[in-house]
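Q: Mind folding the following:
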Amino acid sequence: PVAHANDGGGSIRIPAGNCGLVGLKPTRGRVSLGGDFGDLLSGLVHEHVVTRTVRDSAAVLDAVHGPAPGDPYFAPAPERPFAEEVGVDPGRLRVALWTKAPGGEVEVHPDCIEAAENAAALLEGLGHTVEPIELDALSDPQTVFDFLVRWTTGVAWNLDYWARKIGREVTEADVEPTTWALAEQGRAHTAAAYLTAIENQQKLTRAVAEQGEAYDIVLSPTMAVPPTRIGDFDVDESGPLMPIVTATPVAAFCTAYNISGQPAISLPLHWNDEGLPIGVMAAAKPGREDLLIRVASQVEEAQPWAERIPPVFAEEPSLD
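A: Reported below is the predicted structural model:
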């Protein structure tokens, strides 16, 4: 079984982490956004699915990857089908363990650190080398500002896009309060500020790539907090942008790879004492979904998760 998902700041990996599923965000341009779009949110958005197994994610990627005519950019073609990477020995990998959230202002929950550290121990047991890392390039608060310039400008564009589709202006009454507030912020940015934000984040991508060059994979928690409760993102007296503040620790680790365009996969390798799934994320260099699929299938075999379901699950899963 699969479910479609897209990811402009974690929305493949975060739901997967919250639900005990596999969530692979491919390399930027791996899956075309055509024919309507060249890119979305200035390249932050990636398309794929969430699945129960690594095998299913790889199979769907085989079915949907590749450029459409006129795409502004696309990922390099794989050497062989992604499904054939499942079960292939990834070799002895150099793994960086990253557990300090970008910017230094978000406190990472102990459950999430434990999840990443346990996954690191599992990888060491499988013969890989693991060492801690801090991605210094992501510590500048300007990173968050630039990301939000791109994101909010994209929300403003999105409302304009739908206005053209439906033949009338989209009003505040048509959308959620947070959506409207984000669009208003986006409209306030100048074109120069928007292009500066993109330039800054392209420089950031180079810096992150240089620091990560020594490693095959960067391992981290998917989120800095356990799964949130229903209602945590509701608008209250704090104002319509409060859900974005609430989302900061949720997306803290994920957004780096929307900025860089690197492939990243959330794996359900940990459950806390409350029985909640805690996702662990692995990221590779651009174009290396093949390596992520190899190592993800390796840890899935070592620590299977597909049969694990919550006590409120409606029916037994079928893995046929």
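Q: contacting residues around the closest residue to residue 87 other than its chain neighbours?
A: Distance criterion CB to CB, 6 or more residues apart in numbering; nearest residue to residue 87, sequence neighbours excluded, is residue 297 at 5.5 Å. The C-beta positions use only the backbone N, C-alpha and C, and glycine is treated the same way. Contact analysis of residue 297 by CB atoms under 8 Å, 6 or more residues apart in numbering lists 54, 55, 58, 85, 86, 87, 88.
Q: what about burial for these, which qualify?
A: Burial by neighbour count, judged by 16 or more other CB atoms under 10 Å, picks out 54, 55, 58, 85, 86 from the contacts of residue 297.
Q: which two from those residues end up farthest apart in space?
A: Pairwise distances across the buried ones among the contacts of residue 297 peak at 10.1 Å for 55 and 85 (criterion: CB to CB).
Q: Do you have the strands of the stretch 151-300 of the chain handy? List them.
A: Ranges of strands within the stretch 151-300 of the chain are 217-221, 264-271, 277-284, based on DSSP state E, counting those that start in this stretch.
Q: Include mean neighbour count when you put these into a markdown table, please.
A: Formatted as a markdown table, the strands of the stretch 151-300 of the chain follow (neighbours: other CB atoms under 10 Å):
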| stretch | mean neighbour count |
| --- | --- |
| strand 217-221 | 28 |
| strand 264-271 | 26 |
| strand 277-284 | 27 |
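Q: export these to a markdown table and tack on distance to residue 2?
A: Output for those, formatted as a markdown table (distance: least, CB to CB, whole Å):
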| stretch | distance to residue 2 |
| --- | --- |
| strand 217-221 | 24 |
| strand 264-271 | 14 |
| strand 277-284 | 17 |
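Q: Out of those strands, the one nearest residue 26 is which?
A: strand 264-271 (9.0 Å).
Q: what comes into contact with the closest one?
A: 12-14, 16-17, 20-25, 57, 111, 114-115, 118-119, 122, 222, 254, 257, 277-284, 292, 296, 299-300, 303, 305, 308.
Q: Which of those residues fall within helices?
A: 13-14, 16-17, 57, 111, 114-115, 118-119, 122, 257, 292, 296, 299-300 (DSSP state H).
Q: how many neighbours does residue 70 have?
A: The number of residues packed near residue 70 is 9, by other CB atoms under 10 Å.
Q: That one in helix, strand or coil?
A: coil (DSSP: H, G, I helix; E, B strand; the rest coil).
Q: show me the residues around it that make contact.
A: If a contact means CB under 8 Å, 6+ apart, then residue 70 has 34, 38 as its contacts.
Q: Please repeat the previous calculation with a cut-off of 7 Å.
A: With contacts defined as CB atoms under 7 Å, 6 or more residues apart in numbering, residue 70 is in contact with residue 34.
Q: which phi and psi does it have?
A: phi 90, psi 0 (degrees, to the nearest 10).
Q: State the distance from it to residue 41.
A: According to CB to CB, to the nearest Å, residue 70 and residue 41 sit 19 Å apart.
Q: now residue 273
A: Taking CB to CB, one finds residue 273 at 37 Å from residue 41.
Q: Check residue 157 too.
A: Residue 157 sits 8 Å away from residue 41, going by CB to CB.
Q: ok, now residue 161?
A: Distance from residue 161 to residue 41, counting by CB to CB: 12 Å.
Q: circling back to that earlier point, going by distance to residue 30, which of the buried ones among the contacts of residue 297 wins?
A: residue 58 (12.4 Å).
Q: pretty sure that closest one contacts residue 80?
A: No. With contact defined as CB atoms under 7 Å, residue 58 does not reach residue 80; the gap is 11.2 Å.
Q: hang on, the earlier thing: of residue 273 and residue 41, which one has the most company?
A: residue 41 (18 against 6).
Q: so the more buried one sits right up against residue 149, yeah?
A: No. Assessed by CB under 7 Å, residue 41 is found out of contact with residue 149, at 10.8 Å.
Q: who touches the worst-scoring helix or strand of the chain on mean pLDDT?
A: Least confident helix or strand of the chain, by mean pLDDT, DSSP states H and E, is helix 242-251 with a mean of 91. With contact meaning CB under 7 Å, 6+ apart, helix 242-251 is reached by 9-10, 14, 106, 178, 223-225, 228, 232-233, 235-236.
Q: Point out where the stretch 201-320 of the chain drops to low pLDDT.
A: By pLDDT under 70, the low-scoring segments of the stretch 201-320 of the chain are 313-320.
Q: Repeat the analysis, applying 80 as the threshold.
A: Counting by pLDDT under 80, the stretch 201-320 of the chain shows low-confidence ranges at 236-238, 309-320.
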